[in-house]
Structures are given as C-alpha cells and as structure tokens.
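Asker: Here you go, sequence then predicted model.
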Amino acid sequence: MAWESYNLDQIAHDLVLDHCDKGAHNQAYKMRTAASYGLERFWGEQLRLYDKKKDVYFPTAASNYWADTWQRFCQLLTSAGINLPNDKVEPTDREAIKRITDYLWRFDDKQRKVALAVLIQLCDCMVWWSQRYKPSKADNDLEGDEDE
C-alpha cells in the first residue's frame, strides 16, 4: 500500500484562512473534539450552530465553517473511494436529517474507521493552522516594547 497524503494540511490551511476572519476562530478546536464522537455528530453540528430568529434559521460564521469543512472532507474521501452524504440540509428539514444520520449510523465499519482517522487528522491540521493565524498575546505585547 502506498502512502497518499491527500493534501490534508493544504485543505486545512485553506479552510482556516477562509474562515479565520469571520469570527469562527475557535471552531477548529471544537471540530477536533466532535470528530472523536463520530461522523454523525460532526455532520450535525453545522445545523446546531444556525441562529434562530423567530421561526427562521440563519447560518452563522460557525455553521458555515463546519459545513465547508464537511464538504471538503466529503470531496477528499470521494477521491479515496469513500462516499458520504454531502447534501445541503436546512435545520428544519427533519426528514433529510433523519435520512443522513441513518445513513451515517449504518455506514460500513471499515470505511467509517478510515473516514474518522482522516477527519481527525484534518481537524488536527486545522487546529495547528488556527494557532498560527490567531494573534498571540506575546505578539501584541511586543508592539509596545520598541520604545523601551
């Protein structure tokens, strides 16, 4: 078996760079945690993060980040021969939500293990890039040290 990196680090970099200035900075850490709980929970988090105003749901920066990550993850796995549902679903579409979660719960065990390993590694890369693009307190403190 030959090693294939699938450009995880580059995908992670691009996702973080696309979302780091939209108020979703800390989501990569939450994604890494959610990945450990399974594909179903990771997929569903994008729906939970919608903002509900009266009876209408609006996507947030966080929900968009999760949705974009899931989409890129699905594209990545498709190139490896693993197909996951990648349908756009609204938080009010209970039938579609049930269909996708049922599919993910019945997903082939061997492919599930591979998918979770890839997802966890993708999230680890995203956490690393998030750290690099997040201004550190030490960086901010150095700005005033020039006169001293």
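Answerer: Right, received. Where do you want to start?
Asker: The protein: strands as residue ranges?
Answerer: 51-53, 56-58 (DSSP state E).
Asker: which sections of the chain are below the confidence cut-off?
Answerer: For the chain, residues meeting the criterion pLDDT under 70 lie at 1-5, 135-148.
Asker: Now do the phi/psi pair for residue 85.
Answerer: phi -60, psi 130 (degrees, to the nearest 10).
Asker: residues contacting it?
Answerer: When contacts are counted by C-beta atoms under 8 Å, 6 or more residues apart in numbering, residue 85 is found next to 43, 74, 99-100, 103-104. No exception for glycine: its C-beta is placed from N, CA and C like everyone else's.
Asker: which of those residues are buried?
Answerer: 43, 74, 100, 104 (16 or more other C-beta atoms under 10 Å).
Asker: Same list, these, but as a markdown table with distance to residue 49 please.
Answerer: What follows is the buried ones among the contacts of residue 85, written out as a markdown table (distance: C-beta to C-beta, whole Å):
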| residue | distance to residue 49 |
| --- | --- |
| 43 | 12 |
| 74 | 18 |
| 100 | 16 |
| 104 | 18 |
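Asker: with those in mind, which one is nearest to residue 127?
Answerer: Among the buried ones among the contacts of residue 85, residue 43 lies closest to residue 127 (C-beta to C-beta), at 19.1 Å.
Asker: Quick check: nearest residue in space to the closest one, chain neighbours excluded?
Answerer: residue 70 (5.8 Å; C-beta to C-beta, 6 or more residues apart in numbering).
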